[in-house]
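1. I need the structure of the sequence given here:
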Amino acid sequence: MAVAAGFDAFGVDATYTPPAGSPVAVTVIVDQPTEDSAIGPGLAVSRPSHTADLRRSEVAAPAAGATLAIGPESFRVRKASLDRAGLVWRLDLEKQ
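-> Predicted coordinates:
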């Protein structure tokens, strides 16, 4: 399956901890796209943002406020969006 192959090739070990609950070992695909913020008419500032893809089979419903630890780094989940196929969550993260 394409989703499994992508996670096998590019995934890294992480720990997802919901706001109220026990930590869960997961595999995520991490990305650091840029996020543009308007600062005036025709002016924007680009800054790095953090996202991670997480299989729905590992966490059924990620919650805002949860923590995702990837190696020594820790992130707070700002929001989660499910892909069209309903297989992968895209987590919008804030570095802690």
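2. shaky segments in this structure?
-> Filtered on pLDDT under 70, the chain yields the residue ranges 1, 33-37, 45-48.
3. Helices of that one, residue ranges please.
-> Applying DSSP state H to the chain gives helices spanning 2-10.
4. pull the longest strand from it.
-> strand 73-82 (DSSP state E).
5. strands paired with it, and their directions?
-> Neighbouring strands of strand 73-82 in its sheet, by DSSP bridges, are strand 67-70 (antiparallel), strand 88-95 (antiparallel).
6. Output the first one as CSV, restricted to C-alpha atoms.
-> Looking back up the chat, that one is strand 67-70. Taking Å, rounded to 0.1, in the frame of the first residue of the first chain, the C-alpha atoms of strand 67-70 are listed here in CSV:
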residue,chain,number,x,y,z
THR,A,67,2.2,16.8,22.4
LEU,A,68,4.4,15.2,19.7
ALA,A,69,7.9,14.4,20.7
ILE,A,70,10.4,13.7,17.9
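7. What's the local residue count around the nearest residue to R76 once chain neighbours are set aside?
-> Closest residue to R76 apart from its sequence neighbours, by C-beta to C-beta, 6 or more residues apart in numbering: E94 at 4.7 Å. In short, each C-beta sits where N, CA and C put it, glycine included. Look at E94: counted by other C-beta atoms under 10 Å, it has 10 neighbours.
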